[in-house]
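Enquirer: Fold the following.
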Amino acid sequence: MKPVILFRKLIDTDAELETAKNYFDVVNFRSEIPAGSLVIPRYSSLPFHDELERDVTNLGSKLVNSYEQHRWIANFEYYSFLCEFTAQTWFDWELPDCDYDGPFVVKGRTNSRKHDWNRKMFAKNKREAIQVGCELMQDSLIGQQGIVYRKYIPLRTYEIGLNGLPFTNEWRFFYLGNKCLSYGYYWSIAEKTDWEVPQAAIDFANSIADRVQHAVNFFVLDVAETEAGEWILIEVNDGTMSGLSLNDPNVLYKNLRDEICAFL
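Expert: Numbering: from 1, shown residues only. The predicted model follows:
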């Protein structure tokens, strides 16, 4: 199967799109996908990933991540598989009976309103967490995902942004199977972004990828350093929908091209 990128143009993705064209055949519409392709969607899996999979299959091609693989991430199913490496989490039906009273990070199973950190993500106690959760349930993006309540773990923080948003020592890693394609500092909107990735972060992310590869083909790991100097998993994301943060698109797409051939 020949790999092809199905790229949906967004406001700030023109440079990434042009880079992808240097390494892959790129199409913008499902109808342009050639038969016999391994389709790597970029920003084009949602909102109807199951429909996309049926269309691609009907065209005689295959998605890099199946709908089942996508749901493993989007439904937060990975938590039970990786709970020892990440913050303790309660689903909405579990929160009333939990003994922990905060602080919490409140978010959707996939997305958050982190840019409104003080009002729509961080909660000092259970009462505030329930209030934030109720507000997020009315959010057109977050509400349909289901809400999760995560134990707040203080992270090594470099800056504080608008609405109290902490810019932490956090890194985004792209993987195909257990092969690291690229990594970059997560907080592209911070004033200082030219941090060096610690080897401990790379080693930790690779150890998580060794597990995740058995459930998903193309994925992203966000990892961060705690105030205590330990590394934790922040979340797993679908590689088809994850933004670059400060990953170099040339590194990402070159390595994706080289690895996808072996992966096939």
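
Enquirer: How is the residue lying closest to Phe24 once chain neighbours are set aside assigned, secondary-structure-wise?
Expert: In space, not counting the residues next to it along the chain, Phe24 is nearest to Ile5; the distance is 4.6 Å by C-beta to C-beta, 6 or more residues apart in numbering. Backbone N, C-alpha and C define where each C-beta goes, glycine included. Three states are possible here, and by DSSP: H, G, I helix; E, B strand; the rest coil the one that applies to Ile5 is strand.

Enquirer: which ones are touching Ile5?
Expert: By C-beta atoms under 8 Å, 6 or more residues apart in numbering, the contact set of Ile5 is 20, 24-27, 40-42.

Enquirer: redo that, cut-off 10 Å
Expert: Applying C-beta atoms under 10 Å, 6 or more residues apart in numbering, we find Ile5 in contact with 17, 20-21, 23-28, 37, 39-42, 44, 64, 240, 253, 256-257.

Enquirer: before we move on, what about Asn206?
Expert: Under the criterion of C-beta under 10 Å, 6+ apart, the contact list for Asn206 reads 173, 175, 178-180, 221.

Enquirer: tell me which of those residues is nearest to Ala74?
Expert: Comparing the contacts of Asn206 against Ala74 with C-beta to C-beta picks out Leu221 as the nearest, at 15.4 Å.

Enquirer: Any regions of the stretch 1-150 of the chain where pLDDT drops low?
Expert: Counting by pLDDT under 70, not a single residue of the stretch 1-150 of the chain qualifies.

Enquirer: Now do the strands in it.
Expert: 2-7, 25-27, 37-42, 62-63, 89-91, 104-108, 122-123, 147-151 (DSSP state E, counting those that start in this stretch).

Enquirer: Need those in a markdown table (columns: distance to Asp50).
Expert: Conversion of the strands of the stretch 1-150 of the chain to a markdown table gives the following (distance: least, C-beta to C-beta, whole Å):
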| stretch | distance to Asp50 |
| --- | --- |
| strand 2-7 | 15 |
| strand 25-27 | 20 |
| strand 37-42 | 13 |
| strand 62-63 | 11 |
| strand 89-91 | 23 |
| strand 104-108 | 19 |
| strand 122-123 | 33 |
| strand 147-151 | 22 |
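
Enquirer: returning to that earlier point: buried ones among the contacts of Ile5?
Expert: Of all the contacts of Ile5 considered here, the ones buried according to neighbour count by 16 or more other C-beta atoms under 10 Å are 17, 20, 23-24, 26-27, 37, 39-42, 44, 64, 240, 253, 256-257.

Enquirer: tell me the contacts of the residue nearest to Trp231 when sequence neighbours are not counted?
Expert: In space, Trp231 comes closest to Phe204 once its chain neighbours are excluded; the distance is 4.1 Å by C-beta to C-beta, 6+ apart. By C-beta under 10 Å, 6+ apart, the contact list for Phe204 reads 85, 171, 173, 198, 221, 223-225, 230-233.

Enquirer: Among those residues, which are located in helices?
Expert: Among these, DSSP state H puts none in helices.

Enquirer: export these to a markdown table and tack on neighbour count and distance to Ser188?
Expert: Rendered in a markdown table, the data for those read as follows (neighbours: other C-beta atoms under 10 Å; distance: C-beta to C-beta, whole Å):
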| residue | neighbour count | distance to Ser188 |
| --- | --- | --- |
| Phe85 | 15 | 24 |
| Trp171 | 27 | 12 |
| Phe173 | 25 | 15 |
| Pro198 | 13 | 19 |
| Leu221 | 27 | 17 |
| Val223 | 25 | 16 |
| Ala224 | 21 | 15 |
| Glu225 | 20 | 18 |
| Glu230 | 12 | 24 |
| Trp231 | 20 | 20 |
| Ile232 | 18 | 21 |
| Leu233 | 22 | 20 |
